[in-house]
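>>> Pasting the sequence and the predicted model now:
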Amino acid sequence: MTAKEYLLQLRISIAQLERLKAYAEKTSSIGNTTGGNTSYDRVGITAGNIVDLEKLINNKTKIFQKIKNEIPNPEYRILLELRYIKNLYWHDIAENMFCSLRTLHFWHNKSLDYIDKNNLIEKVCTLLH
């Protein structure tokens, strides 16, 4: 798995968790309008899905933090954190880091190349398991 694929999975999982939490909040605030247990069942299933997804994200985040700590360039580390953990858009990251989008994309590609060339995902996963 490439760095980009791994980090994209992490980013998608975090976004999915945010959507599930919003859905759970909406569902629980609506309450039981059908007279049966269906809304409680949905809340329970959604809560279970949230717990499972949080465990997955926590595991992937631990791996991400170790990978990130192996990258020597601090700008690359900050960029990866803002993009894949904080889920910020490119223009927001550029604003936060006071640089152009072109520079950001250059740094992003360099950081992914560094992760891939040094097999950091495989090394970190092997160490943690």
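Yep, it's here.

>>> how about low-confidence regions in the chain?
The chain contains residues with pLDDT under 70 at 28-40, 129.

>>> Please name every helix or strand in contact with the longest helix seen in it.
When the chain is scanned for its longest helix (criterion: DSSP state H), the result is helix 38-70. In this structure, helix 38-70 makes packing contacts with helix 3-30, helix 74-80, helix 120-128, judged by 3 or more C-beta pairs under 8 Å, 6 or more residues apart in numbering; DSSP states H and E. For every residue, glycine as well, the C-beta is placed using N, CA and C.

>>> let's see 10 Å
helix 3-30, helix 74-80, helix 101-117, helix 120-128 (3 or more C-beta pairs under 10 Å, 6 or more residues apart in numbering; DSSP states H and E).

>>> in that helix, what counts as buried?
Buried positions in helix 38-70, judged by neighbour count with 16 or more other C-beta atoms under 10 Å: 39, 43, 46, 50, 53, 57, 60-61, 63-64, 66-68.

>>> picking up where we left off before, with mean neighbour count added, can I get the helices and strands packed on helix 38-70 in JSON lines?
Output for the helices and strands packed on helix 38-70, formatted as JSON lines (neighbours: other C-beta atoms under 10 Å):
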{"stretch": "helix 3-30", "mean neighbour count": "14"}
{"stretch": "helix 74-80", "mean neighbour count": "17"}
{"stretch": "helix 101-117", "mean neighbour count": "15"}
{"stretch": "helix 120-128", "mean neighbour count": "14"}
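
>>> and residue 95, which of these is closest to it?
Nearest to residue 95 among the helices and strands packed on helix 38-70 is helix 101-117; the distance by C-beta to C-beta comes to 10.1 Å.

>>> what's next to that closest one, contact-wise?
Residues from elsewhere that reach helix 101-117, judged by C-beta atoms under 10 Å, 6 or more residues apart in numbering: 1-7, 67-68, 70-73, 75-80, 82-83, 90-91, 93-94, 97, 99-100, 120-122, 124.
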